[in-house]
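*Asks:* have a look; sequence and predicted model below, questions after that.
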Amino acid sequence: MNPLILSIETSAEACSVALSKGTEVLSELVITEPRQQAGQLAPLIERILAEASLSVGDLDAVAVSEGPGSYTGLRVGASTAKGLCFGAGKPLIAVNTMDILFAQTKGLEYDFIVPAIDARRMEIYQAVYNSEGERITPQEPKVIDENSYGDILKKGKVLFVGTGAVKMAEVIHSDNAAFMQCTPFASAMAGFAAKAYSEKAFADVAYFEPFYLKDFAPGVTKKDPLKW
């Protein structure tokens, strides 16, 4: 079975929705203007369904980016996805933002991929993937400097991808390093969502909470909170 899935991505400044049938992306709508999730997500969903002559009831599932990412964006995406699932009795699928960014490097040949989400100052949230798409380090916060990732840069070509890529390019100088500044998009969720559906790996609609970055920042005190 190739499930019909609506994917919602709101973890960064952009806002996007996509319809997919199995791993095939049927359509996608994107708003790149920052911080428009709260006002534009519902109209985007209505539009993409209307253009396909579908209703929420026709879907097999709804997928949403689970973070890490922006507190406000993820909260809007999660509440919208949960509302759709509650109302139509559809399962909820959560897709990790790091995986989404990795998927956006498909077709590019590197020994390692490092999805990086901008936090504050010289801080990012990141993980390291090998060329097969296996996450080989935990997802964790990191303060970057000129010595960051020296171990893997000695081993091969490394692509840093995501909203933190430009920041990393300012301090990481290596012939083995390449940088791809981009935001996550809903179309890159299709493969993960289809796999989760086939494995019945559904999130609990009642208790699902995204992975916010609001509490992340090494050395930040309660008087200096990370704000998104």
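*Replies:* Yes, it's here. Numbering: from 1, shown residues only.
*Asks:* which residues touch the residue nearest to the spatial centre of the chain?
*Replies:* By Cα atoms, centre = their mean, the mean C-alpha position of the chain lies nearest to residue 97, the distance being 2.5 Å. Taking Cβ atoms under 8 Å, 6 or more residues apart in numbering as the definition of contact, the neighbours of residue 97 are 11, 12, 65, 66, 67, 68, 69, 115, 117, 184, 211. C-beta: built from backbone N, CA, C; applies to glycine.
*Asks:* residue contacts, the nearest residue to the last one once chain neighbours are set aside?
*Replies:* It stands for residue 211. In space, not counting the residues next to it along the chain, residue 211 is nearest to residue 67; the distance is 3.4 Å by Cβ to Cβ, 6 or more residues apart in numbering. By Cβ under 8 Å, 6+ apart, the contact set of residue 67 is 11, 74, 96, 97, 210, 211, 212, 213.
*Asks:* surely the last one meets residue 73?
*Replies:* Think residue 213. No. The criterion here is Cβ atoms under 8 Å, and residue 213 misses it with residue 73 at 10.3 Å.
*Asks:* residue 202: neighbour count?
*Replies:* The number of residues packed near residue 202 is 16, by other Cβ atoms under 10 Å.
*Asks:* gap between the nearest residue to it once chain neighbours are set aside and residue 201?
*Replies:* On the basis of Cβ to Cβ, 6+ apart, the spatially nearest residue to residue 202 that is not a chain neighbour turns out to be residue 91, at 4.2 Å. Residue 91 is 9 Å from residue 201, where distance means Cβ to Cβ, to the nearest Å.
*Asks:* residue 41 touches residue 77, doesn't it?
*Replies:* Yes. At 6.9 Å, residue 41 counts as touching residue 77 under the criterion of Cβ under 8 Å.
*Asks:* now the helices for the protein?
*Replies:* Residue ranges of the helices in the chain, as given by DSSP state H, are 37-51, 71-88, 97-103, 150-153, 165-169, 190-198.
*Asks:* these: lowest mean pLDDT?
*Replies:* Among these, helix 37-51 has the lowest mean pLDDT, at a mean of 91.
*Asks:* ok and it relative to helix 71-88, angle-wise?
*Replies:* The directions of helix 37-51 and helix 71-88 differ by 40 degrees, with axes from the mean of the first three to the mean of the last three Cα atoms, to 10 degrees as the criterion.
*Asks:* what does helix 37-51 rub up against?
*Replies:* Under Cβ under 8 Å, 6+ apart, the answer for helix 37-51 is 6, 8, 10, 15-19, 27-29, 31, 55-56, 72-73, 76-77, 80, 84.
*Asks:* how about a cut-off of 6 Å?
*Replies:* Surrounding helix 37-51, the residues in contact under the criterion Cβ atoms under 6 Å, 6 or more residues apart in numbering are 10, 15, 17, 19, 27, 29, 31, 73, 76, 80.
*Asks:* got TSV for those, with neighbour count and distance to residue 135 too?
*Replies:* TSV is the format used below for those (neighbours: other Cβ atoms under 10 Å; distance: Cβ to Cβ, whole Å):
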residue	neighbour count	distance to residue 135
10	31	22
15	29	26
17	30	26
19	24	27
27	14	29
29	18	29
31	17	29
73	27	22
76	23	26
80	21	27
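*Asks:* residue 179: which of the residues you listed is nearest?
*Replies:* residue 73 (22.8 Å; Cβ to Cβ).
*Asks:* let me know which of the helices of the chain is the nearest to residue 130.
*Replies:* In this view, the helices of the chain are compared for proximity to residue 130 by Cβ to Cβ, and helix 150-153 is the closest at 9.4 Å.
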